[in-house]
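[1] have a look; sequence and predicted model below, questions after that.
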Amino acid sequence: LLRWNEVRYRKKGLPPGTMGWPVFGETTEFLKQGPNFMKNQRARYGSVFKSHILGCPTIVSMDPDLNRYILMNEAKGLVPGYPQSMLDILGKCNIAAVHGSTHKYMRGALLSLISPTMIREQLLPTIDEFMRIHLSDWDNKIIDIQLKTKEMALLSSLKQIAGSDSSTISQAFMPEFFKLVLGTLSLPIDVPGTNYSRGIQARKNIVSMLRQLIEERRASKETHQDMLGCLMKSEESRYKLTDEEIIDQIITILYSGYETVSTTSMMAVKYLHDHPRVLQELRKEHLAIKEKKRPEDPINLTDLKSMCFTRAVIFETSRLATIVNGVLRKTTEEMELNGFVIPKGWRIYVYTREINYDPFLYLEPLSFNPWRWLDKSRLESQNYLFIFGGGTRQCPGKELGIAEISTFLHYFVTRYRWEEVGGDALMKFPRVEAPNGLHIRVSSY
Ligand code: HEM
């Protein structure tokens, strides 16, 4: 059987590599051995090799220059290649499902919602108000910081999207959203009881909640200063979206910022706990900001800009924990890459994890050292930084995500001290998560 699969995918010009078993390919090895599987294959076959993972023949690229080229050249037929389950559940107008001019338009509409002006005038005040409430009342409690940061990422976005209406829908929305997320990474077989089928149902429920909200707002004729308000005010906007597009845009925003923001926040708490000197420096930065303000003054853009060490902590956390292992693309036609011929329809896994531990880019790459990011002009603008992706699909929510995590850290470190209860396992691959939660004992600072 192993040979059969090799022969099936034997084609002149393909990169070296193994294809594993029919149907399953090398998915088990990939999931079980994780980064070591990738490193072993690289040692054997070089930085570009073929494999068969997650149901598709796949080219894995660990070559930083080729990765950059792929991300910069979507127009040459290198479009997003996310799994079918994700496309079905996130909707056909979702940003990863559209290419070319439609992508440009949807991305433009999204960027207008999260522009620097919007962050300053609308989003930051909303985030501040949310964080104050979300982080109240943790004193003298054992809390699961994984759960708290997940709720935070979702509910904070929901408040930015639906303003005060978010509090009326949030309780019904949250469980549906969690089911939707699980469904996006599942086998697309619509049989009752599967994660996929629950995800599809959750999407339907979320769509109907959002549709009802849109209809209520239209009927009331009130104007709203939130993302949905802006999306619905299409007469004055450059971007006119249909209701279906508005709904998929909202699901895109919620989904894209959810796991990235929550996991980065959780891992920042973990690293700060393990590195008291970093925590001390971070706290110093936030206490200085707090001292200059009255207790009721919200975090504003000037405060955010002064949080240089916080930004460094966020980048160092994303790097060391590798919150994003890479991104997926697929070829729309046969093409040549690095001298290899890649057939039409193959997946390309732009695997960027290892670049985070490259000793030429990061001295002592395995140590948690936020200070390395302080010379912002150097590290943040280097060509091989893929924490937020690159090229035409580079994360549009980067500054918004950093603003959320920074505001969370502000209230967390100025209000509380904490210690780990201990014993909680942390998984690093295929995604960073604490399977049984990450419990900390919190007391007031
Ligand atoms: C620390 C937080 C975040 C990280 C590490 C992160 C990371 C990434 C990465 C690696 C990509 C590239 C995906 C690809 O090329 O296929 C991406 C794209 C994207 N991100 Fe983020 N992200 C974060 C926060 C956010 C937030 C808060 C939003 C909310 C608006 C957001 C919205 C998006 C969207 C819509 C895309 C797709 C862009 C496109 O296809 O044009 N992200 N993000």
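    Received the coordinates, thanks. Residues are numbered from 1 along each chain as shown.
[2] which of the residues in stretch 108-121 are buried?
    Ala109, Leu110, Ser112, Leu113, Ile114, Met118, Ile119 (16 or more other C-beta atoms under 10 Å). Glycine gets a C-beta too; all of them are placed from N, C-alpha and C.
[3] dump the residue contacts of the last one.
    Ile119 makes contacts with Leu301, Glu399, Leu400, Ala403, as judged by C-beta atoms under 8 Å, 6 or more residues apart in numbering.
[4] what's the answer for the first one, then?
    By C-beta under 8 Å, 6+ apart, Ala109 lies in contact with Leu231, Ser237, Tyr239, Leu241, Glu245, Gln249.
[5] do the same with the fifth one
    Ile114 makes contact with Leu123, Pro396, Gly397, Glu399, Leu400 under the criterion C-beta under 8 Å, 6+ apart.
[6] which element is the fourth one on?
    Element membership of Glu399 [criterion: DSSP states H and E] is helix 398-415.
[7] CA atoms only: put that helix into PDB for me.
    Extracted in PDB, the C-alpha atoms of helix 398-415 (Å, rounded to 0.1, in the frame of the first residue of the first chain):
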ATOM      1  CA  LYS A 398      -2.400  43.000  13.800                       C
ATOM      2  CA  GLU A 399      -2.600  46.400  15.500                       C
ATOM      3  CA  LEU A 400      -6.100  45.700  16.800                       C
ATOM      4  CA  GLY A 401      -5.000  42.400  18.300                       C
ATOM      5  CA  ILE A 402      -1.900  44.000  19.900                       C
ATOM      6  CA  ALA A 403      -4.200  46.700  21.300                       C
ATOM      7  CA  GLU A 404      -6.500  44.100  22.900                       C
ATOM      8  CA  ILE A 405      -3.700  42.000  24.400                       C
ATOM      9  CA  SER A 406      -1.900  45.100  25.700                       C
ATOM     10  CA  THR A 407      -5.100  46.400  27.400                       C
ATOM     11  CA  PHE A 408      -5.700  43.000  28.900                       C
ATOM     12  CA  LEU A 409      -2.100  42.900  30.200                       C
ATOM     13  CA  HIS A 410      -2.500  46.500  31.600                       C
ATOM     14  CA  TYR A 411      -5.400  45.600  33.900                       C
ATOM     15  CA  PHE A 412      -4.000  42.100  34.700                       C
ATOM     16  CA  VAL A 413      -0.600  43.100  35.900                       C
ATOM     17  CA  THR A 414      -1.600  46.400  37.700                       C
ATOM     18  CA  ARG A 415      -4.500  44.700  39.500                       C
END
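[8] would you point out which residue of the stretch 251-400 of the chain is nearest the ligand?
    Gly397 (2.2 Å; C-beta to the nearest ligand atom).
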